[in-house]
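Visitor: give me a 3D structure for the following:
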Amino acid sequence: MQPYLSWFLKGLAMGAANVIPGVSGGTIAFITNIYERFINALKSLDLDAVSLLFKGKIKELIIKIDFWFLLSVLGGVAVSILSLAKLLEFLFLNYETLTLAFFFGLIIASIVAVGSQIESWNSSTVVALIVGTAIAISIAFLPPANANDAIWYVFLCGVVAVCSMILPGLSGSYILLLMGNYILVLQAISGFKFKVIIPMAAGCIVGLLLFSRLLSYLFAHYKSQTIALLTGFVTGSLVIIWPWKTAETITIEDKEKVVGYTWEMPELNGAFAIAFLLILIGFGLVFFIERTGQKKPAK
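Guide: Numbering: from 1, shown residues only. Down below sits the predicted model:
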């Protein structure tokens, strides 16, 4: 498979993941082994890149920002949001338990697959794993805050939301809802209220540029601890992905938005058997992809 097609397909999966509560695009990038490269590509979008663009040094710019990789992934994300995500949204709305069961199996396997990338286990990696898991689990139980349209707070919402979007296991829209400004931002976008849109967009840009640099630094200097922390985020997301739960919702502009869950144990019946089968399929799919990626091409 050509690398461009592979990157595009992974971008498709990243975009589609946004419609599943508890699964972020960062999670998919993480389990498909493009996360570190994606973060480094985002980090390269700096003033030097702008300078190369205005100087007409296109070849140097393409190399610096890993252009073809970034274009393939982001192209897949865009196409997915416009097409494939609609299919997953339909499946989620009509077959929620079965859809979540598949993702549950996929994430369980990905925890094992990604955790195996930790080069050395010691006290620091164990602590990082526990902290990441605890943070992701605690977020699922946080009540939504009240809306606040202060410029500094809207800017902060943009920073935090975009950071959570690229962190595995954390949903950007869910974090924004917890901060109380999901409705505010939604209404601002639909009503072209630039008093909210501008600081929100500025926060997203600043958060993306700064956070990608932080993650790149952590991968370069504390790789095992960083992978352990991110593995903890993904592990904690299983609380939200758990297929057998009842969602607590609020209505936003005639649409229901999930703000919490009541977890349940499954009944041992035919429906459970199908869901369990999908868990096994999701689990096996990750290992199939991983084994296929490890095969060396014939000489």
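
Visitor: what about the residue lying closest to Phe67 once chain neighbours are set aside, distance to Leu45?
Guide: In space, and not counting its chain neighbours, Phe67 is closest to Leu61: 7.1 Å by C-beta to C-beta, 6 or more residues apart in numbering. Bear in mind the C-beta positions are built from the backbone N, C-alpha and C, glycine included. Using C-beta to C-beta, to the nearest Å, Leu61 is found at 10 Å from Leu45.

Visitor: list the contacts of the residue nearest to Phe67.
Guide: Leu61 makes contacts with 49, 52-53, 67, as judged by C-beta atoms under 8 Å, 6 or more residues apart in numbering.

Visitor: redo the residues you listed as CSV? Include pLDDT, secondary structure and distance to Arg213.
Guide: Shown next, in CSV, are the contacts of Leu61 (pLDDT from 0 to 100; DSSP: H, G, I helix; E, B strand; the rest coil; distance: C-beta to C-beta, whole Å):
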residue, pLDDT, secondary structure, distance to Arg213
Ala49, 90, helix, 13
Leu52, 91, helix, 18
Leu53, 89, helix, 20
Phe67, 92, helix, 19
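
Visitor: distance check, Thr246 against Glu96.
Guide: Relative to Glu96, and taking C-beta to C-beta, Thr246 is found at 10 Å.

Visitor: same question for Val131.
Guide: For Val131, the distance to Glu96 equals 30 Å [C-beta to C-beta].

Visitor: over to Ile240?
Guide: Separation of Ile240 from Glu96 (C-beta to C-beta): 12 Å.

Visitor: likewise for Ser123?
Guide: Counting by C-beta to C-beta, the gap from Ser123 to Glu96 is 40 Å.

Visitor: more neighbours: which of those two?
Guide: Using other C-beta atoms under 10 Å, the more surrounded residue of Ser123 and Glu96 is Glu96, with 15 against 7.

Visitor: number of nearby residues for the nearest residue to Leu5 once chain neighbours are set aside?
Guide: Residue nearest to Leu5 in three dimensions, not counting chain neighbours: Ser72, with 7.9 Å by C-beta to C-beta, 6+ apart. By the criterion of other C-beta under 10 Å, Ser72 has 22 neighbours.

Visitor: show the subsequent helix or strand relative to the helix or strand containing Ser72.
Guide: Assigned by DSSP states H and E, Ser72 belongs to helix 67-79. Next in sequence after helix 67-79, counting helices and strands by DSSP H and E, comes helix 85-94.
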